[in-house]
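J.: Provided below are the primary sequence and the corresponding predicted coordinates.
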Amino acid sequence: MKLLLDQNLSRRLVDQLAPTLPCSAHVVHLGLDTASDEEIWTYAGQHDFVIVSKDSDFRQLAFLHGPPPKAIWLRVGNTSTAEIFNLLRSSTEPVIHFAQSADEALLVLPNIDG
């Protein structure tokens, strides 16, 4: 599984996540920093990425198009890179389960429903 981190997340997360998710990338590293959400969605689907974003637009795309790709929506507001890293690291099991699911298009972290 590889994550594609959206523009609203720090590029430093790629290096921090490398020990457990070495194939992950940031949109800036792939030349997608000025791409539209639809273009990022298409790229992620073509290259087997799971999109990670704090942007609710990817939530809407997940419901509109369904997988692939899949999207992880971080409902964390304005928070530090360290807190986002800790959230992703502590959510490894649900993220892996989500990535392997055939039907799920969206994972919300933290999930306020449970």
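T.: Perfect, thanks for sending it. Treat the numbers as computed from the prediction; the structure is a model and nothing was measured.
J.: the residue nearest to Trp41 when sequence neighbours are not counted: which element?
T.: Excluding the flanking residues, the one nearest Trp41 by C-beta to C-beta, 6 or more residues apart in numbering is Leu61, at 5.1 Å. Backbone N, C-alpha and C define where each C-beta goes, glycine included. Using DSSP states H and E, Leu61 sits within helix 56-65.
J.: check which helices and strands that helix sits against.
T.: The contact analysis (3 or more C-beta pairs under 8 Å, 6 or more residues apart in numbering; DSSP states H and E) places helix 56-65 against helix 37-46, strand 70-74, strand 106-109.
J.: and that helix, how far out from the chain middle?
T.: Centroid separation for helix 56-65 versus its chain: 12 Å, with C-alpha atoms, centre = their mean, to the nearest Å.
J.: kindly report the same for stretch 21-41.
T.: Counting by C-alpha atoms, centre = their mean, stretch 21-41 comes out at 10 Å from the chain centroid.
J.: do the same with stretch 74-90
T.: Mean C-alpha position of stretch 74-90 versus that of the full chain (C-alpha atoms, centre = their mean) differs by 12 Å.
J.: which other residues reach that stretch?
T.: 3, 9-10, 12-13, 16-17, 20, 52-54, 95, 108-110, 112 (C-beta atoms under 8 Å, 6 or more residues apart in numbering).
J.: returning to that earlier point: winner for burial among the helices and strands packed on helix 56-65?
T.: strand 70-74 (a mean of 25; mean count of other C-beta atoms under 10 Å).
J.: in PDB, list the C-alpha atoms belonging to that one.
T.: Coordinates of each C-alpha in strand 70-74 appear next as PDB, following Å, rounded to 0.1, in the frame of the first residue of the first chain:
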ATOM      1  CA  LYS A  70      -9.500   5.300  -2.200                       C
ATOM      2  CA  ALA A  71      -9.300   8.400   0.000                       C
ATOM      3  CA  ILE A  72      -8.400   8.900   3.700                       C
ATOM      4  CA  TRP A  73     -10.000  12.000   5.000                       C
ATOM      5  CA  LEU A  74      -8.200  13.400   8.100                       C
END
